[in-house]
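Trainee: compute the structure for the input listed below.
(one chain, ligands or ions: 2)
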Amino acid sequence: MEKWTDRYASEVPFGGEVGLVEFRSFEDSLHPCSNAILTANLYIRKMKGGSQSILVLANDGRHYVVKMTDNPIGPNVLANEHLGSHVAKAVGVPVAEAKGICLSDSFIDSHPDMWFELPSGVRRPTKGMHFGSLFVGKTSGPDRPTEYISPSRVSMITNREAFLGMYLLDVWANHQDNRQAIFRRSSTNAQEVCFIDHGHMFGGPEWNFKENSASALHLERAVYSDLWRDEQVVSWISRIQTLIPDVLASIVPPMPSEWYSGDLGELLIRLEDRLLRLPELVQADAEKTWHPSQQKNINETLRLSDVGIHDLRTPETRSAFHRRRGTA
Ligand SMILES: Nc1ncnc2c1ncn2[C@@H]1O[C@H](COP(=O)(O)OP(=O)(O)O)[C@@H](O)[C@H]1O
Ligand SMILES: [Mg+2]
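Mentor: Ligands and ions are numbered 1, 2, ... in the order given. The predicted structure follows:
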C-alpha cells in the first residue's frame with residue numbers, strides 16, 4: 001500500500017494557507033456557490049453541546065451548524081471534523097456536508113449571544129474560517145430531524161448498514177466519544193441516518209490515542225442489530241484501506257492552521273499504521289464490544305448475530321480478507 005505520509009511530506013508543505021482552503025472547500029461544482037467563499041449572514045441560535053457551536057444562515061441560502069476555532073472542547077476539534085467528514089464521505093458513509101464558513105468581525109460583534117461562555121467568563125470568538133456542517137433537514141417545525149431513535153423504529157432506518165461502516169471507521173480513528181447521528185424522516189415515515197460530530201475522532205481533541213478506549217457506539221445499541229456479516233465487514237475494511245490514503249493526501253494539506261495545534265505529521269503516521277492494522281484493530285474491538293459476555297444489557301433479540309464477531313478471527317475470514325486485499 002502506498003504511504004500517503006511520504007506523498008504528503010514530499011509534495012506539500014505543512015500548514016496550508018486559509019486562501020487555499022477557501023478555494024478547495026468549495027469545489028463542489030454542482031453547487032451554485034462553488035468556488036465562492038461562504039460567509040454567515042444570519043445568526044440563529046447557539047446549539048447544545050460542549051463546543052458551543054452556532055446555527056447560522058450562510059450566503060448560499062443554507063443553514064449550517066458552525067463549530068468555531070478556539071472552542072472549549074479542544075485544539076484539534078475542527079481538524080477532526082474536517083478529516084472525519086471527508087473520510088466518511090469518501091468511503092460511502094452518510095455524513096453532513098462539510099464547508100468552511102467565514103465569520104466576520106462585525107458578525108461576531110453583533111451577536112454576543114454566540115460568544116463562548118466559560119467558567120472564567122465570556123470569550124469572543126475570532127474572525128476567520130470556521131467549520132460548517134450543513135444542517136440535516138429542516139431547522140424548525142414538526143419535520144425537524146432528531147438525534148433520538150427508539151428501538152421500535154430502528155427497523156425503519158433505510159440506510160442502517162451505514163452504522164457498520166461508521167463503527168469500523170471509528171475503530172480506525174480511535175474515536176473517543178459516543179457516535180452521534182441525526183435521523184431524518186421521509187414522507188413515508190422511513191428514517192434516514194446521517195452522522196455528525198466527528199470532533200472526538202482521531203484520538204479526541206488532543207490527538208491522544210488510547211488503545212483501550214471504549215468503542216464509539218451510538219447510544220441506541222439496537223441500531224447495530226444483525227448488521228455484522230463477515231462479508232460486509234471485509235468489504236468495508238477493504239474500502240477503507242483502499243480509499244483513505246488518497247483522501248487524506250488531498251484534504252489534509254489545505255486545512256487552515258487555526259484548525260489544529262497538534263503535530264499533523266505525527267497524526268498521519270499513526271493513522272497510516274492503524275490503517276494497515278485495521279483488521280486486527282477491528283477484531284480486538286469487536287471481541288471486547290460484542291462478545292456475548294459483554295452484552296448483558298442488550299435484549300436477546302437485539303443482539304448482533306453470533307456470526308461475525310467470532311468468525312472474524314477464523315482462518316476462513318482472515319483468508320477472505322487477504323484475498324480481497326490482494327485484488328484491491
Ligand atoms: N449537520 C447537522 N444537522 C443538524 N443538526 C446538527 C448538525 N450538526 C450538529 N447538529 C446539532 O448541533 C448539536 C451540536 O453539534 P455537535 O457537533 O454535536 O457539537 P459538540 O461538539 O458541541 O457536541 C448536535 O447535538 C445536533 O443537535
Ligand atoms: Mg456532540
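
Trainee: average pLDDT across the helix or strand residue 55 falls within?
Mentor: Element membership for residue 55, per DSSP states H and E: strand 54-58. Strand 54-58 shows a mean pLDDT of 98 in the predicted model.

Trainee: and the helix or strand following that strand, anywhere near ligand 2?
Mentor: Read in the C-terminal direction, the helix or strand following strand 54-58 is strand 63-67, with elements assigned using DSSP H and E. No - among the residues of strand 63-67, none lie within reach of ligand 2 under C-beta under 5 Å from the ion; the closest is 9.5 Å away. In short, each C-beta sits where N, CA and C put it, glycine included.

Trainee: helices or strands up against strand 63-67?
Mentor: Using 3 or more C-beta pairs under 8 Å, 6 or more residues apart in numbering; DSSP states H and E as the contact criterion, the secondary-structure elements in contact with strand 63-67 are strand 40-46, strand 54-58, helix 77-91, strand 98-103, strand 128-134.

Trainee: low-confidence ranges in the stretch 151-300 of the chain?
Mentor: Counting by pLDDT under 70, the stretch 151-300 of the chain contains low-confidence ranges at 291-300.

Trainee: now the helices: where do they sit in it?
Mentor: Applying DSSP state H, counting those that start in this stretch to the stretch 151-300 of the chain gives helices spanning 162-172, 230-251, 264-276, 278-290.

Trainee: can you put those in CSV and add distance to ligand 1 and mean neighbour count?
Mentor: As requested, the helices of the stretch 151-300 of the chain are arranged in CSV below (distance: least, C-beta to the nearest ligand atom, whole Å; neighbours: other C-beta atoms under 10 Å):
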stretch, distance to ligand 1, mean neighbour count
helix 162-172, 15, 24
helix 230-251, 18, 19
helix 264-276, 19, 17
helix 278-290, 22, 18
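
Trainee: can you put the ones you listed in TSV and add distance to ligand 2?
Mentor: TSV is the format used below for the helices of the stretch 151-300 of the chain (distance: least, C-beta to the ion, whole Å):
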stretch	distance to ligand 2
helix 162-172	14
helix 230-251	22
helix 264-276	21
helix 278-290	21
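
Trainee: closest to ligand 1 out of the helices and strands packed on strand 63-67?
Mentor: Put simply, out of these the one that sits nearest ligand 1 is strand 128-134, at 3.8 Å, with distance taken as C-beta to the nearest ligand atom.

Trainee: can I get the closest one in PDB, CA atoms only?
Mentor: Extracted C-alpha coordinates of strand 128-134, given in PDB (Å, rounded to 0.1, in the frame of the first residue of the first chain):
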ATOM      1  CA  GLY A 128     -12.000  33.900  10.100                       C
ATOM      2  CA  MET A 129     -12.700  30.400   8.700                       C
ATOM      3  CA  HIS A 130     -14.600  28.100  10.900                       C
ATOM      4  CA  PHE A 131     -16.100  24.600  10.300                       C
ATOM      5  CA  GLY A 132     -19.600  24.400   9.000                       C
ATOM      6  CA  SER A 133     -21.800  21.300   9.000                       C
ATOM      7  CA  LEU A 134     -24.700  21.600   6.600                       C
END
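
Trainee: the closest residue to residue 110 other than its chain neighbours pairs with what?
Mentor: Here the nearest residue to residue 110 in space, its sequence neighbours aside, is residue 43; by C-beta to C-beta, 6 or more residues apart in numbering that works out to 7.5 Å. According to DSSP bridges, residue 56 are recorded as the beta-bridge partners of residue 43.

Trainee: hmm, residue 107 and residue 43 touching each other?
Mentor: Yes - checked against C-beta atoms under 8 Å, the pair residue 43 and residue 107 is within contact range at 7.0 Å.

Trainee: now the closest residue to ligand 2 within the chain, nearest residue through space, not along the chain?
Mentor: Ranking the residues of the chain by distance to ligand 2 (C-beta to the ion) places residue 197 first, at 3.9 Å. The shortest distance from residue 197 to any residue other than its chain neighbours is 4.1 Å, reached at residue 180 (C-beta to C-beta, 6+ apart).

Trainee: who touches the one you found in this structure?
Mentor: Taking C-beta atoms under 8 Å, 6 or more residues apart in numbering as the definition of contact, the neighbours of residue 180 are 147, 195-197, 218.
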